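Student: fold the following, please.
(2 chains)
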Amino acid sequence: MIPELGHLALILALAVALAQGVLPLAGAQRARTDWMALARPLAIVQALCIVLAYASLTAAFVRDDFSVSYVAAHSNSHLPLAYRVAGVWGGHEGSLLLWQLMLNLWTVAVALFSRSLPLAFVARILAVMGLVSVGFLLFTLLTSNPFDRLLPPAFDGRDLNPLLQDPGMVLHPPMLYMGYVGFSVAFAFAVAALIGGHLDQAWARWTRPWVTAAWIFMTIGIALGSWWAYYELGWGGWWFWDPVENASFMPWLAGTALIHSLAVTEKRNSFKAWTVLLAIVAFSLSLLGTFLVRSGVLSSVHAFATDPRRGIFILAFLVVAIGASLALYAWRAPKIGLGQRFGVVSRESMLLANNVFLAAATGAVLLGTLYPLFLDSLGLGKISVGPPYFETVFALLMAPLVATMGIGPLAHWRGDAAASLARRLGIALAAALVAALVSSWIGGRWSAWSLLGLVLAWWIVCAVATDLYERLQPAGWSPARLAARLAQQPRAMAGMWLAHLGVAVFIFGVTVVKTHDVERDVKLAPGGVASVNGYDFKLVGLREVEGPNYRAVQGDFEVAKGGRRVATMHPQKRVYRVQREPMTEAAIDSNPLRDLYVSMGEPVDGGAWIVRLQHKPFVTWIWGGCVLMALGGALAASDRRYRVKQRAFAAHGVVVGR
Amino acid sequence: MTPRRKRLVIVLGGTAGIAAAAALVLSAFQSNLVFFYTPTQVAANEAPTGRTFRVGGLVQEGSVARDGVAVRFVVTDTARQMPVRYEGVLPDLFREGKGVVAQGQLAADGVFVAREVLAKHDENYMPPEAAEALKQAGKATTLVPKR
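Tutor: So this is what the prediction gives:
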């Protein structure tokens, strides 16, 4: 009964979404306040329907209702409760429902936190989001209904994929989806502005916190996915340039460009057409990512769908959504105007460079991801594009990007003198070079790439320090006055510093791991010792371990450095009872300076095992950098000026209503 | 320089920079493409020597031989076989009789030296390259009946 209720709620939501997509939009065009006023209540009703549908599916999971074929395929009566709840998004149909739920949460958030915006504008935004929702609900109902019944019901479920039975599964998909779907808000803002023909600094100020919020979720989601892959796939890699990873990375790059371009639009009323285009592109890439991951054109842990109808549906949806918004853009963008001029050396030009490099990086990832698919679909052979391509291109594009990242925040708007900028940043540059050389010397191993990475990381730190110094220095050197002055800095500024420092920490981590990481595959029998980078790994013994729904062979390792014991580690090789697949559960001993990583390969003759031993210095800094970026984003989005809207917008309400 | 000249220089410089970046990207792209070959194609000398490529098919039953960290196995597309040499830990889902894709280079002795071995992700799924190899071999054997 409950699954039917969920199905009904989905159908109801589709009807409400249709109304939400059409009526407020028509109302805004015809200046009918009563139709426009429908937008908010409809958004809330639609969200309630989806919450009901989602709760029904969760109930089916929790109650082990194996008469629902989706539950039977992704759960099991022995599955722990937390994974039964998270199992809702463990497969294609349910993760689509999660997507939908996120879309509704964002829509409701816009409906609630837009009190100060002109009604016509809000009506258009919510209508656009309603139309997006219509597309996804149709997709769910026509091709991927999670409530389909299985007749006769299964005796027990086929269990959740063992790789997904992990806390990462509980966190990574919802975070990433919040990010993906969050860009629909930026998209809706852009399309609403194009339809209304009203695009100015106020529009940019309304849009900024939403874009930043989506970007924060995306950053955390990608970082979680990377961390999860690192410890769960069992082999110690943190990024594989797998098409599925690229699918989430492309909207992130476009979103990062959008954040910076919006800064120019808000402060200087420039880059307007480009900003709108980026908002459309960021969401289009989110849709493309969904298409790549969900249509089955890619094969990976993420690809569930094999039904070709699904691929065709998403492709059609993609063409309609992107095509329509780009057509609208082509029609309306010429009216937007160019905005104010700026000098060759100015903050605008630095942000322009930022956008050029980020756009180029997005393009390069797009090329490397889509080209193999393109060749394959034309039957021209199977190829893959290796990580070296992405790594080379990224190093080359990120170097100038990071260079401008140091200069941009110090350059004045409109125009600045190159000579004075060089004087202000000269010390920072020298300090960065010295710091890079010193850290390289301490590390004891270096290459041209590692030196470049260290210079870039230190350059960001030194440039941020210069910026801080210039802003705080008028307070003199009394700690109390310095603290007071620091507290006076706008949160948007502090957020930028923090996020930029996050990039520095990230680059530092990547560079050190790339340079100093040591990995050895060895054969070890109980009592055997192998040494990696000065760490002696001793296999003390092997034993059988019983888990709730798996059994495992566990290796007990003692790790010593210079005769002193530093860690005991217990990697496992598990076999899950239902799916009968072996899985490597690596053991990681982590501290801020290094990770030790042990994974069990396979048993060989004489009771010995092939094991992989790794020493990864500073690897956690990679995710630490992402966390700093996200915190910086949160700080920036909470800036006062996004909240005191009332006065500023009173003047605008008149124009947009038309 | 007049402002006009200055602007021209900037535009030209920018264009040159973008062109250089595009050239770099494309050349990095070109040199990092990894092509896929079936054992039949490798046997027909279609695969390059001295360049990384992928080969895929099924792990032949009874062909896996471990010697400490080193391992040897044979990849077959049911028509032809391809001996593979690899050092290190094999993926969890590597199994005799199941689909596999190996990436590496062809050594002078005709053995494929793999640097990376990929296996299928779950019970129902076969690496698409491996499936393709079997399909092609299937076609070849029906067109040219052997022995």
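
Student: strands of chain B, start to end?
Tutor: B:33-37, B:53-59, B:65-67, B:70-76, B:81-87, B:99-106, B:112-119 (DSSP state E).

Student: dump those into CSV; add mean neighbour count and distance to chain A as well.
Tutor: Backbone N, C-alpha and C define where each C-beta goes, glycine included. Formatted as CSV, those follow (neighbours: other Cβ atoms under 10 Å in any protein chain shown; distance: least, Cβ to the nearest Cβ, whole Å):
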stretch, mean neighbour count, distance to chain A
strand B:33-37, 20, 4
strand B:53-59, 25, 7
strand B:65-67, 12, 5
strand B:70-76, 21, 9
strand B:81-87, 19, 7
strand B:99-106, 22, 8
strand B:112-119, 19, 10
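
Student: what comes up buried for stretch A:19-29?
Tutor: For stretch A:19-29, burial by neighbour count (16 or more other Cβ atoms under 10 Å in any protein chain shown) applies to A:19-25, A:27-29.

Student: how far away is A:Ala273 from chain B?
Tutor: Using Cβ to the nearest Cβ, to the nearest Å, A:Ala273 is found at 18 Å from chain B.

Student: residues contacting A:Leu42?
Tutor: Contacts for A:Leu42 (Cβ atoms under 8 Å, 6 or more residues apart in numbering or on different chains) come out as A:16, A:19-20, A:23-24, A:126, A:130.

Student: identify the bridge partners of the spatially most central residue of chain B.
Tutor: The centroid of chain B falls nearest to B:Arg54 when counting by Cα atoms, centre = their mean (1.7 Å). Assessed by DSSP bridges, B:Arg54 has beta-bridge partners B:Phe36, B:Gln103.

Student: just checking, it touches B:Tyr37?
Tutor: Yes - the pair B:Arg54 / B:Tyr37 is scored as a contact, 7.1 Å apart, by Cβ atoms under 8 Å.

Student: how is chain B divided into domains?
Tutor: According to automatic domain parsing, chain B comprises the domains B:1-33, B:35-143.

Student: so A:Val522 sits in a strand?
Tutor: Yes - counting by DSSP: H, G, I helix; E, B strand; the rest coil, one finds A:Val522 located in a strand.

Student: all helices of the stretch 1-150 of chain A, in order?
Tutor: A:2-30, A:33-36, A:39-62, A:69-74, A:81-86, A:92-112, A:119-143 (DSSP state H, counting those that start in this stretch).

Student: in JSON lines, list the ones you listed along with mean pLDDT and distance to B:Arg85.
Tutor: Converted to JSON lines, the helices of the stretch 1-150 of chain A look like this (pLDDT from 0 to 100; distance: least, Cβ to Cβ, whole Å):
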{"stretch": "helix A:2-30", "mean pLDDT": "96", "distance to B:Arg85": "53"}
{"stretch": "helix A:33-36", "mean pLDDT": "94", "distance to B:Arg85": "70"}
{"stretch": "helix A:39-62", "mean pLDDT": "97", "distance to B:Arg85": "46"}
{"stretch": "helix A:69-74", "mean pLDDT": "92", "distance to B:Arg85": "39"}
{"stretch": "helix A:81-86", "mean pLDDT": "92", "distance to B:Arg85": "40"}
{"stretch": "helix A:92-112", "mean pLDDT": "95", "distance to B:Arg85": "38"}
{"stretch": "helix A:119-143", "mean pLDDT": "95", "distance to B:Arg85": "45"}
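
Student: now the contacts of A:Leu42 in TSV, with distance to chain B?
Tutor: Shown next, in TSV, are the contacts of A:Leu42 (distance: Cβ to the nearest Cβ, whole Å):
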residue	distance to chain B
A:Val16	37
A:Ala19	41
A:Gln20	39
A:Leu23	45
A:Pro24	42
A:Leu126	39
A:Gly130	37
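
Student: if we can go back for a sec, mind putting the domains of chain B into CSV with mean pLDDT?
Tutor: What follows is the domains of chain B, written out as CSV (pLDDT from 0 to 100):
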stretch, mean pLDDT
domain B:1-33, 82
domain B:35-143, 83
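
Student: got the residue ranges for the strands in chain A?
Tutor: A:383-385, A:518-524, A:529-532, A:535-546, A:550-561, A:564-569, A:572-576, A:582-585, A:587-591, A:594-603, A:609-617.

Student: cool, thanks, talk later.
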